[in-house]
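Novice: this one's structure only:
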C-alpha cells in the first residue's frame, strides 16, 4: 500500500502533503519475512533484571545483509485473556539471506541529507502524533533547514496501517523504504515498542540511526529477561538505536512506589493489553510490586475485540483488590474497562501508565474516568523550565496545547540535527558518522531537561510525574520516586 507522507522541503520551508507509492519492501526479503515473524509477545511472568547489554557502541560499517530475522522471538503464551500460568519464552530463531539489492554503505557520504519520522498519523494516536510531527518540523525550521551550510530535508511518514493502528507490515514497509534511500541518515521514531522490535534490526544492519521519542520497552536497549534481548536487535554488533523516553522499568517502579506509599494500596489486579508495551510494563509492575510488598491478586489480559468488559470487571470486583492497574494504551479498551468496572459497583482505585495519559482516554471513559491515576515519564509542560518552557510557549502559540510526547519529539529532532551538523562541519555526512555523533551527545540542553545518552542508547534523565483525572481533566498531583 502507498505510504502517506508529508515532505518538508529545505529550500522552500513549506509543508506539502502528498500520497506516494514507493517501491514496496520485497515480500521475499529477510527484512520483510524475518521481521514479520518477530512477534513482540512479552512473557508477563518474566523476571526482569537490571543488567545492561554486553554490546558496546562503536563505529563500524554495515553489511550487505538485512538479518532482521535474527531478532526473532517465538513466545508461547498460555491462558491469554484469563488468569493462569504463562509458558516460558522460546529460544530465538536465527536466519538470514542476501538481499537482491544491498542497503547503502553506512559510510557513504551524502550532500543533501534527509531525516524521516515514522509516527502513527491515523487512528487513536493521531492527535498525539500530529503534535510530535509539528514539534519535529519546528526544530528543523529553527535550524533554518540547514546543517553545516547545506540544506537538510525532513519527511514525515505515517506509521499506522489502513486500519489506523500500527502493524508489522507497515513498520517493515516504512523502515525498508528509509533504509533503501541513501540520502536518509536518521529516523525519528517509532512510536510503539512493538514496531521498534521489528524495525530496529533492519535499520541496524544498514547502519541507520533511530531516535525514538516514545518507545519504552526495556529489552530494546537492556536485558529484560526475554532470551536474546537486546542483542537480537543489533545484528551488526554496533548500537544504532537511541531514545529520549523513560523506560518501563523506571515507570513501573514509580507507579508501585506511589501506589504502595502515598496512596496506601496493599493489593493490586493487573490487566494488560497484550501488546509489547502493555505486556512488558505489566511484567515490570509485578516485579516491582513484589519488591515493595504490594500483593498482585490477579494478572490477565483484556480482550480488545470484546463488545464490553463486564466479565473482566466482575473478576476485578470479586478479587477485592485495592488497585486496578491497566498496562497498555488507551486505544486498546481502557475506557470501556473503566466504565464497566464502575458499572459493576466496584470502587477499586484505578491507575495506568503514560499509555492512558491522554485526553482521548477521558473521552472514552466518560465520567468513570474521574479519579483515575496515571504516571508519565516526564513533567507537565507548566513544570518545564529554561529550554522546555520556551519550547512550550512557542509551540502553544503556533499549534495549541502539546501532548504527552511533544517535547520528547522536539528533543529527538534536535539531537539528530546536532549530530548531522557535527558531521557536516567535518565535511562528511554519513549514516555511520551520524550514529557515532548521537551516542557522543552529553549534557544536552533539552526541552525535557538536561540529558546525556548512555552506551545503551538510553537517556540518563528519569523524571516521573503522577496525574489524576479531576473534573474531566488531567491534573498534576506530584513528582514520583522510582526507587522501590
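Specialist: Done, it's in. These numbers were taken from a predicted model, which means no experiment stands behind them. Residues are numbered from 1 along each chain as shown.
Novice: quick one, phi/psi of residue 273?
Specialist: phi -100, psi 10 (degrees, to the nearest 10).
Novice: nearest residue to it in space, please, no chain neighbours.
Specialist: Once flanking residues are discounted, residue 273 sits nearest to residue 328: 2.9 Å by C-beta to C-beta, 6 or more residues apart in numbering. In this view, the C-beta of every residue, glycine as well, is placed from N, C-alpha and C.
Novice: got the contact list for that neighbour?
Specialist: Neighbouring residues of residue 328 by C-beta atoms under 8 Å, 6 or more residues apart in numbering: 271-275, 277-278, 281, 302, 334, 352-353, 355-356.
Novice: same question for residue 384.
Specialist: With C-beta under 8 Å, 6+ apart, residue 384 has these contacts: 391-392, 407, 447-448.
Novice: hmm, try it at 7 Å
Specialist: 392, 447 (C-beta atoms under 7 Å, 6 or more residues apart in numbering).
Novice: please report how far it lies from residue 391.
Specialist: As judged by C-beta to C-beta, to the nearest Å, residue 384 and residue 391 stand 8 Å apart.
Novice: overlap of the contact sets of those two?
Specialist: residue 447.
Novice: mind listing the strands for the stretch 151-300 of the chain?
Specialist: 153-158, 184-188, 209-212, 241-243, 267-272, 295-301 (DSSP state E, counting those that start in this stretch).
Novice: from the contact counts, what lies against the third one?
Specialist: The contact analysis (3 or more C-beta pairs under 7 Å, 6 or more residues apart in numbering; DSSP states H and E) places strand 209-212 against strand 184-188, helix 193-205, strand 241-243, helix 406-425, helix 431-439.
Novice: tell me the strands beside it, with direction?
Specialist: strand 184-188 (parallel), strand 241-243 (parallel) (DSSP bridges).
Novice: the last one too?
Specialist: Strand 295-301 has its sheet partners listed here by DSSP bridges as strand 267-272 (parallel).
Novice: for residue 362, which non-adjacent residue is spatially closest?
Specialist: residue 369 is the one closest to residue 362 (C-beta to C-beta, 6+ apart), at 4.6 Å.
Novice: the one you found: how many residues sit nearby?
Specialist: Look at residue 369: counted by other C-beta atoms under 10 Å, it has 25 neighbours.
Novice: distance of it from residue 340?
Specialist: For residue 369, the distance to residue 340 - C-beta to C-beta - is 13 Å.
Novice: count of residues packed around residue 104?
Specialist: Count around residue 104 with other C-beta under 10 Å applied: 20.
Novice: what distance do you get for the residue nearest to it when sequence neighbours are not counted to residue 149?
Specialist: Distances taken as C-beta to C-beta, 6+ apart put residue 182 closest to residue 104, at 4.0 Å, once the chain neighbours are dropped. Look at residue 182 and residue 149: by C-beta to C-beta, they are 21 Å apart.
Novice: could you give the separation of stretch 274-286 from the chain centroid?
Specialist: 13 Å (C-alpha atoms, centre = their mean, to the nearest Å).
Novice: can you pull the buried residues of it?
Specialist: Across stretch 274-286, burial judged by 16 or more other C-beta atoms under 10 Å covers 274-286.
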